[in-house]
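S.K.: When you get a sec, could you give me coordinates for this:
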Amino acid sequence: APLEGTAAGCAPEHSQRGQQLAGAGAAGDSLCLCPQEEPVPAAQGRRSSLSGVCYLTMGLLVLLLGLVFASMYVYRYFFITQLPRESVFHCGVLYEDSLYSPFKGQLELHEDVKIYIEENYEQINVPVPQFGGSDPADIIHDFQRGLTAYHDITLDKCYVIELNTTIVMPPRNLWELLVNVKKGTYLPQTYIIQEEMIATEHVSDMEQLGSFIYRLCSGKETYRLRRRGARRRISRREAGNCHRIRHFENTFVVETVICQKS
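M.R.: This next block holds a predicted model:
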């Protein structure tokens, strides 16, 4: 009986130790599940900073390009599209003609000017002048073809000649000039020069003159012109069978004298 008691008393002791060992093992297992965090290396932090700077720079470049393209869009679709409305001018100029009208003082010349900057040509309508001695006309200066066409409305004939760029301002320059003087009714007081031309051969192929001149002169007798020269007008030269057209595409008035070949 005592031996049995001892055996019986030992059983709880072994069981208690097993529980303690099991508890210790469980505690050890729980510690292994949560390892210590290692510190982030300094090199990895520097790489992250450099990446952030690169992304920021790329973002700024994209924003800058967006602003550039937006400015181009606004200029093209708002400024240029409104330009034709500003390119139609009713102009007048005061000038002196001491030979033709020595006692009248200043003369007035009016014309309507249409400027097509993108197409690179100018269209001018000269109504019947108040002073007489000049024919009403429609004029086209085509800078693409390098040609000028005069439609004498009185004769209903067209005359074509090479464009004289020393007298005629390019569309952009003429547009800037007329915009600058638009606040006033007249251009500054100016003078008149004369250019003499002689009609030569008849033009049969109108399409070679370009679409702008073709629309102006189609169905009309059209002749080539040969220029005698342009100079500051001092005296009036009497010439038979000549017609005059006064106009301006510059800061001065031009009298174009067109004579038939004798």
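
S.K.: Could I get the full set of helices for the protein?
M.R.: Assigned by DSSP state H, the helices in the chain fall at 2-32, 42-74, 81-86, 171-180, 211-217.

S.K.: Tell me the spacing between P188 and F131.
M.R.: Note on P188: its distance to F131, by Cβ to Cβ, to the nearest Å, is 20 Å. Quick note: C-beta positions are derived from backbone N, CA and C, even for glycine.

S.K.: Same check on D205?
M.R.: Taken as Cβ to Cβ, the span from D205 to F131 is 38 Å.

S.K.: got it, and H243?
M.R.: H243 is 15 Å from F131, where distance means Cβ to Cβ.

S.K.: the more surrounded of those two?
M.R.: Per other Cβ atoms under 10 Å, whichever of H243 and F131 has more neighbours is H243, with 20 against 13.

S.K.: you'd agree the more buried one is up against G133?
M.R.: No. With contact defined as Cβ atoms under 8 Å, H243 and G133 do not form a contacting pair (9.9 Å).

S.K.: who's in contact with Q260?
M.R.: I198, A199, N241, C242 (Cβ atoms under 8 Å, 6 or more residues apart in numbering).

S.K.: filter the residues you listed to the buried ones?
M.R.: I198, A199 (16 or more other Cβ atoms under 10 Å).

S.K.: Mind checking which of the contacts of Q260 land in strands?
M.R.: I198, A199, C242 (DSSP state E).

S.K.: Could you measure from L155 over to P171?
M.R.: Distance from L155 to P171, counting by Cβ to Cβ: 27 Å.

S.K.: ok, those two, which is more surrounded?
M.R.: Using other Cβ under 10 Å, the more surrounded residue of L155 and P171 is P171, with 21 against 14.

S.K.: Please name the residues that touch that one.
M.R.: Neighbour list for P171: I115, Y116, I117, N120, Y121, E122, F143 [criterion: Cβ under 8 Å, 6+ apart].

S.K.: So which of these is surrounded by the most neighbours?
M.R.: I115 (28 neighbours).

S.K.: Show me what that residue bridges to in the sheet.
M.R.: E122 (DSSP bridges).

S.K.: In this model C91 seems to touch it, though I could be wrong.
M.R.: No. I115 is beyond contact range of C91, at 11.1 Å (criterion: Cβ under 8 Å).

S.K.: which residues are common contacts for these two?
M.R.: Contacts common to I115 and C91, judged by Cβ under 8 Å, 6+ apart, are L178.

S.K.: Quickly note the distance from M72 to R145.
M.R.: Distance, M72 to R145, by Cβ to Cβ: 30 Å.

S.K.: Sorry, slip of the keys, the one I care about is K261.
M.R.: Distance, K261 to R145, by Cβ to Cβ: 24 Å.

S.K.: what about these two, which has more around it?
M.R.: More crowded of K261 and R145, by other Cβ under 10 Å: R145, with 20 against 10.

S.K.: Does E196 touch C259 like I think?
M.R.: Yes. Assessed by Cβ under 8 Å, E196 is found in contact with C259 at 7.0 Å.
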